[in-house]
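Student: Dropping the sequence and predicted coords here.
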Amino acid sequence: MIDSSAFQGKKAKYYTLGCKLNFSETSTFERLLADMGVITATGDELADICLINTCSVTEVADHKCRQVIHRMARENPGAFVIVTGCYAQLSSETISKIKGVDLVLGSNEKANLIQYLNDAFTGQKTDEHLHIHHSVKTKDIKTFSPSCSRGNRTRYFLKVQDGCNYFCTYCTIPYARGFSRNPSISFLVEQARQAAEEGGKEIVITGVNIGDFGETTHERFIDLVKALDQVDGIKRFRISSLEPNLCTDELIDYCATSRAFMPHFHIPLQSGSDAVLKLMHRRYDKALFAHKIHLIKEKMPHAFIGVDVMVGSRGETEEYFEECYEFLKSLPVTQLHVFPYSERPGTTALSIPHVVTDKDKKERSKRLLQLSDEKTQAFYAQYIGTEAEVLFEKSAKGKRMHGFTKNYVRVELPASIAKEEYDNRLINVRLTKFNFDKSALIAELI
């Protein structure tokens, strides 16, 4: 039994680390607590509840999580501190020993956040329990926590899938998130319809391995896409990240002619060397990846294609990196998300010989980031002088507004002509020139 009076008037602060999926889940936690009467604290207000949603993709991410937990507990004395997310699943014992932490929720427990808080606030949990709930083993992570929320943003993020069955040698995500699972297409369509009723115009589809959708319900990702495309009111859908072997030709063909799915793809490569891909236990090779990229560009010449690439993984010799660099250079991709390999305890990558030095990782990252800038700026430049429809996003009063075209060109509207009422509106603009750091194209209203 939930006693809503125990929540009334309390103030909460939220902090999200990591991916869009984490952001979506934090937004949902915030909404659930708001429904119970909890107010989101602003500025320097002291919070009664602090919720930190963590990431554990790298050692640096783990360190940042610990820093945030310490800081939020210190700055909000007496607050009830909750830690959830991937780091909470993988290192619950470590987190439980941090001063000020009251509740640690792993991937299987976070769906019951309200119940755990209710038990604590109504005295059903005593101090001797320390309010700590240690996370279960990977094989026992079976719950799916629904999430379709925008928080303080404009776009909605719809979680369609969680977990992963792939167990790439460098990755801890399956241990943190469990095996692949998903709700039904009908459930997700209803969530999208609710977002439309709330005024949502764009939804980003998120998950851990969304192309694997259907493991639970025996449905197909392409059928989910087709069903969402029929939701009235939602003008734009974006697919956040899709494994190349799961980005089917059928899906590409459909997106090319769909009503609302944008010409925008994000496809992780990780390495442009077949030898390294085998060491990583990835489920594709360079030829398949190249086929997908070229097919997308054939069907949708103006498509934005983002690519994840890891540098300095175990076994990545200088020769293999150069192969990767030349492969990416040859492809018509738009932007690279570059990140250095990080040693993760318990992963099989630790048994692979040839360790890349930090110096080499930095140098390789720098080269790929330069290549990324060149490709992105060349992609943007072709649209200077053209007209486009942009969905503008919320900004601070008196500040520049930003938004995106259908094919994900970032657009900047100068503060002198930006208006609050432009938030969440599709507006036709003319793209004039690059902004000061070439991260966006400046727009003028038509």
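Tutor: Great, that's in hand.

Student: Helix or strand: which one has K397?
Tutor: Using DSSP states H and E, K397 maps to neither a helix nor a strand.

Student: Report the contact partners of it.
Tutor: E420 (C-beta atoms under 8 Å, 6 or more residues apart in numbering). To be clear about C-beta, it is placed using only N, CA and C from the backbone, and glycine gets the same treatment.

Student: From A415, how far out is it?
Tutor: Using C-beta to C-beta, to the nearest Å, we find K397 at a distance of 9 Å from A415.

Student: before we move on, what about A287?
Tutor: Distance from A287 to A415, by C-beta to C-beta: 48 Å.

Student: With S184 instead?
Tutor: 45 Å.

Student: Tell me if I'm right that M262 and V409 touch.
Tutor: No. Using C-beta atoms under 8 Å, M262 makes no contact with V409, being 11.2 Å away.

Student: A287 and A415: who's more crowded?
Tutor: For A287 and A415, the more surrounded residue by other C-beta atoms under 10 Å is A415, and the numbers stand at 13 against 8.

Student: That one against K399, yeah?
Tutor: Yes. Contact status for A415 versus K399: in contact at 5.6 Å, counting by C-beta under 8 Å.

Student: Reduced to three states, what does K433 come out as?
Tutor: At K433 the chain is in strand, as set by DSSP: H, G, I helix; E, B strand; the rest coil.

Student: and it, how many neighbours?
Tutor: With neighbours defined by other C-beta under 10 Å, the count for K433 comes to 12.

Student: got a list of what it touches?
Tutor: 384, 441-442.

Student: Out of the residues you listed, which comes closest to S96?
Tutor: When the contacts of K433 are compared for distance to S96, the smallest value, 48.0 Å, is given by L441; criterion: C-beta to C-beta.

Student: what's near enough to touch that closest one?
Tutor: When contacts are counted by C-beta under 8 Å, 6+ apart, L441 touches 380, 383-384, 409-412, 431-435.

Student: And for Y341?
Tutor: For Y341, the residues meeting the contact criterion (C-beta under 8 Å, 6+ apart) are 170, 310-314, 316, 349, 356, 361.

Student: Name the nearest of the contacts of K433 relative to F321.
Tutor: Proximity of these to F321 was ranked by C-beta to C-beta; the top entry is L441 with 32.2 Å.

Student: For L336, see how far away that closest one is.
Tutor: Relative to L336, and taking C-beta to C-beta, L441 is found at 20 Å.

Student: Give me the buried subset of the contacts of L441.
Tutor: Among the contacts of L441, those buried by neighbour count (16 or more other C-beta atoms under 10 Å) are 380, 383, 409-412, 431, 434-435.

Student: circling back to that earlier point, wait, which of the contacts of L441 is closest to I267?
Tutor: Among these, V409 lies closest to I267 (C-beta to C-beta), at 18.3 Å.

Student: quick one: contacts for the closest one?
Tutor: When contacts are counted by C-beta under 8 Å, 6+ apart, V409 touches 304, 379-380, 383, 388, 431, 440-441.

Student: Which ones among the residues you listed lie within helices?
Tutor: When DSSP state H is applied, the contacts of V409 are split such that 379-380 fall in helices.

Student: CSV for the contacts of V409, including pLDDT and distance to S180?
Tutor: Listed next are the contacts of V409 as CSV, based on pLDDT from 0 to 100; distance: C-beta to C-beta, whole Å:
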residue, pLDDT, distance to S180
F304, 98, 27
F379, 98, 33
Y380, 98, 36
Y383, 98, 37
A388, 98, 37
L431, 98, 40
A440, 98, 36
L441, 98, 38
